[in-house]
Structures are given as structure tokens and as C-alpha cells.
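# sequence and predicted structure below; questions after.
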Amino acid sequence: MARLGTVREDGEPHIVPFVFALQDDTIYSVVDEKPKRTKGLQRLANIAAHPRVTVLVDEYEESWDRLWWVRVDGHARVVSEGPERDRAVELLAAKYPQYRDEPPTGPAIIVDIDGWRSWSADP
């Protein structure tokens with residue numbers, strides 16, 4: 001699980017949890033069948049307006065010497081069909097058994113990573 005940070009058309013920040021797969025310098029996610037109020041998700045509109053995004057993956061432990069985070073910044077795009085979307089579904093199904101049983105049918109969010117930052121309490 002990670003968090004996807006986008007910017008609304010009006011400049012306000014927006015962050016949501018999401019599942020993802022990483023291959024090389026690209027992050028893949030697909031709008032899945034989990035209950036949502038609408039398939040017209042705010043994150044999709046945000047990416048259309050401002051494609052710059054941030055993805056944060058972190059680990060919290062009661063023992064603070066095991067804390068860590070990784071943040072990637074990049075450019076996102078929404079892909080509704082075609083080989084890139086199919087690849088996203090394939091990678092996610094390999095990582096998450098739930099997607100093998102019920103492949104997601106929504107558009108893919110594809111993030112081309114521009115840079116990585118990380119921190120760990122354990123040097």
C-alpha cells in the first residue's frame with residue numbers, strides 16, 4: 001500500500017491510498033472494483049489537470065529504529081486501453097491475488113518516475 005499525492009485543478013493537494021506495482025522506473029496502478037462513489041475519481045481529474053505526482057511508501061513500527069519511507073516524484077498519465085493498461089493489470093495480478101480472481105476494469109494510472117528520495121532510521 002502506498003499513497004498517491006496529486007494536485008486538484010484549483011491547486012489544492014489531494015492524497016489517497018492505493019495499491020501499485022513497480023517495474024524499472026515506472027509505477028502502475030489500475031482503478032479496481034473496490035466500492036467507490038464514482039468511477040470518475042478525483043485522482044484521475046487531478047492527473048489530467050496536473051500530471052506531476054508524488055508516491056509515498058512508508059513503514060511504521062512501534063520500535064522507531066525500524067521506521068522508513070520512500071518517496072518518488074514523477075509524471076502520471078491515465079491510460080484507458082491498450083498494451084500499457086494491459087501490462088499494468090498483468091503486473092498487479094502477479095503481485096495481488098485479489099486481482100487474479102477479479103481483474104480490475106478501470107483505467108490505469110502510470111507514473112514515470114523522475115526521482116527517488118528515501119529515509120530510514122536504521123543507517
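Received it, and whenever you're ready, just let me know what you need. Residues are numbered from 1 along each chain as shown.
# from here on, contacts and neighbour counts on C-alpha atoms
OK.
# what helix or strand is the residue nearest to Leu56 when sequence neighbours are not counted on?
Spatially, and ignoring its direct neighbours in sequence, Leu56 is nearest to Arg71 (4.5 Å; CA to CA, 6 or more residues apart in numbering). For Arg71, the host element (DSSP states H and E) is strand 68-79.
# any buried residues in that strand, and which?
Residues Trp68, Arg71, Val72, Asp73, Gly74, His75, Ala76, Arg77, Val78, Val79 are the ones in strand 68-79 that count as buried (16 or more other CA atoms under 10 Å).
# sheet-wise, list the partners of that strand with their directions.
In the sheet containing strand 68-79, its partner strands are strand 52-59 (antiparallel), strand 108-120 (antiparallel), by DSSP bridges.
# chain center to that strand, what's the gap?
Relative to its parent chain, strand 68-79 has a centroid offset of 7 Å by CA atoms, centre = their mean, to the nearest Å.
# follow-up on the earlier one: in JSON lines: the buried residues of strand 68-79, plus pLDDT and distance to Ser29.
Formatted as JSON lines, those follow (pLDDT from 0 to 100; distance: CA to CA, whole Å):
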{"residue": "Trp68", "pLDDT": "93", "distance to Ser29": "22"}
{"residue": "Arg71", "pLDDT": "98", "distance to Ser29": "16"}
{"residue": "Val72", "pLDDT": "97", "distance to Ser29": "14"}
{"residue": "Asp73", "pLDDT": "98", "distance to Ser29": "15"}
{"residue": "Gly74", "pLDDT": "98", "distance to Ser29": "14"}
{"residue": "His75", "pLDDT": "98", "distance to Ser29": "14"}
{"residue": "Ala76", "pLDDT": "98", "distance to Ser29": "11"}
{"residue": "Arg77", "pLDDT": "98", "distance to Ser29": "11"}
{"residue": "Val78", "pLDDT": "97", "distance to Ser29": "10"}
{"residue": "Val79", "pLDDT": "97", "distance to Ser29": "10"}
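# closest one of these to Thr6?
The shortest approach to Thr6 among the buried residues of strand 68-79 belongs to Ala76, at 9.4 Å (CA to CA).
# need the next SSE after the lengthiest helix in the chain, C-terminal direction.
Determined from DSSP state H, the single longest helix within the chain is helix 83-95. The helix or strand immediately downstream of helix 83-95 is helix 97-101, counting by DSSP H and E.
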